[in-house]
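Chemist: sequence and predicted structure, then a few things I'm wondering about:
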Amino acid sequence: MPSMMRGTTDNGLLLPVPDDDGRPFWEFAARGELRVQSCAACHRLRFPPRPCCPHCHSFAGEWRRMSGRGRIWSYVLAHPPLLPGYAEHAPYDVVLVELSDAPGIRLAGNLVASPTAPLGSVDRSRLRIGAPVKVVFAEIAPGVHLPRWQLEHS
Ligand SMILES: [Zn+2]
């Protein structure tokens, strides 16, 4: 991983800090793939990444590619006080997306109008629990691709 994975982007957004278990998630994201860890013994999915299957306790894992589609399970609008890099985009949405391929697994992220659009670029009147979304990957720093979400009917 590039050393720039620590710290913040040029405009003050926090960068992910992958650990050994989560590093593959970010490596796949950099290739435009949304993958979730799966047990190689009982084949159940788990998130966030961890070394051991919570169902059968196997340490054998693999990364299964997801379709990238899901639905908004819940959301909030973030208001200050926030870190300076975030405050300038406020109020912006933070969504929990339940993956279509993995009911019960929910990823936190943001809605965006396009992969390169900023936080808060989707009008808040369009936020709906249950709205279908698809993943996009925003390169927030060189080599660092963050999964974000676009409304299916945008
Ligand atoms: Zn298992």
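Modeler: Received the coordinates, thanks.

Chemist: CA only for contacts and neighbour counts going forward, please
Modeler: Fine.

Chemist: domain map for this protein?
Modeler: Split into domains by automatic domain parsing, the chain comes to 17-65, 67-154.

Chemist: looking at the ones you listed, which is closest to D10?
Modeler: Between D10 and the domains of the chain, the shortest gap by CA to CA is with domain 67-154, which sits at 7.8 Å.

Chemist: please state the offset of the closest one from the chain centre?
Modeler: Remark: domain 67-154 is offset 8 Å from the chain centroid, using CA atoms, centre = their mean, to the nearest Å.

Chemist: with stretch 63-77 instead?
Modeler: Here stretch 63-77 is found 8 Å from its chain centre; the criterion is CA atoms, centre = their mean.

Chemist: pull out the buried residues from it.
Modeler: For stretch 63-77, burial by neighbour count (16 or more other CA atoms under 10 Å) applies to 63, 66, 68-75.

Chemist: which is the next helix or strand following the lowest-mean-pLDDT helix or strand in the chain?
Modeler: Ranked by mean pLDDT, DSSP states H and E, the weakest helix or strand in the chain is helix 84-87, scoring a mean of 92. Later in the chain than helix 84-87, the nearest helix or strand by DSSP states H and E is strand 92-99.

Chemist: what sits up against that next one?
Modeler: Here strand 92-99 makes contact (CA atoms under 8 Å, 6 or more residues apart in numbering) with 68-79, 104-111, 119-121, 124, 133.

Chemist: also stretch 104-119?
Modeler: 46-47, 73, 89, 92-99, 120-122, 136-139, 147-151, 154.

Chemist: quick one: mean pLDDT over that stretch.
Modeler: The pLDDT scores in stretch 104-119 average 96.

Chemist: ok, now stretch 25-43?
Modeler: Throughout stretch 25-43, pLDDT has a mean value of 98.

Chemist: and that stretch, how far from the chain's centre?
Modeler: For stretch 25-43, the separation from the chain centroid amounts to 12 Å (computed by CA atoms, centre = their mean).

Chemist: quick one: that stretch near the ion?
Modeler: Yes: using CA under 5 Å from the ion, stretch 25-43 comes into contact with the ion via 39, 42.
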